[in-house]
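# Provided below for reference: sequence and predicted model.
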Amino acid sequence: MSANILYVDDEPHNLSAFMATFRRMYKVFTAESAEEGKKILETEDIQVIISDQRMPKTTGVEFLASILAVHPDPIRMILTGYTDIDAVIDAINKGEVYRYIQKPWILEDLKINIDKAIEIYNLRKENKELTEKLLIANKQLEFIARQSLLS
């Protein structure tokens with residue numbers, strides 16, 4: 001179940017630990033800031049984005065909310081060492097966050113959440129493709145019906 005994962009965190013040791021832990025399971029991209037994360041999103045097909053909440057300049061929720069219009073498809077998660085109910089609510093409402101995970105993360109829990117996020121991403125993509133095929137088929141049927149009525 002290989003997928004492209006983007007992890008954004010301002011602490012380099014967190015990025016290193018994440019990369020060391022998950023690099024054999026997924027293709028992992030890391031960024032030390034929201035700006036770096038946005039640059040990676042411009043060039044890579046990312047399925048899951050995990051962002052630290054408390055970063056200088058831009059919070060994780062602000063970062064995830066800022067990319068929604070251009071990158072609506074990746075499944076988004078917040079990883080944080082702080083429990084802030086307002087941040088949780090913002091994450092859900094503004095950043096459309098799938099999961100809010102506490103640091104330090106537990107390997108099995110985080111892996112399960114990433115795998116579920118990948119599954120949701122794939123199901124949404126498949127649903128979108130099937131919907132597009134259905135719309136095309138519907139247009140073709142309408143055209144055939146009109147042709148039958150005209151002849």
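Done, it's in. Numbering: from 1, shown residues only.
# after the worst-scoring helix or strand of the chain on mean pLDDT, which helix or strand is next?
For the chain, using mean pLDDT, DSSP states H and E, the weakest element among its helices and strands is helix 85-93, scoring a mean of 67. Heading C-terminal from helix 85-93, the first helix or strand you meet, by DSSP states H and E, is strand 97-102.
# quick one: contacts of that following strand?
Strand 97-102 has contacts (CB atoms under 8 Å, 6 or more residues apart in numbering) with 50, 61, 64, 75-81, 83, 88, 91-92, 109-110, 113, 117, 120. For glycine as for every other residue, the C-beta is placed from the backbone atoms N, C-alpha and C.
# any low-confidence regions in the chain?
Residue ranges of the chain with pLDDT under 70: 1, 83-85, 87-91, 93-95.
# please enumerate the helices of it.
Along the chain, the stretches classed as helices by DSSP state H are 12-22, 34-43, 60-67, 85-93, 107-150.
# the longest one vs strand 97-102, what angle?
Between the direction of helix 107-150 and that of strand 97-102, the angle (axes from the mean of the first three to the mean of the last three CA atoms, to 10 degrees) works out to 180 degrees.
# repeat that for the shortest one.
Here helix 60-67 runs at an angle of 160 degrees relative to strand 97-102 (the same axes, to 10 degrees).
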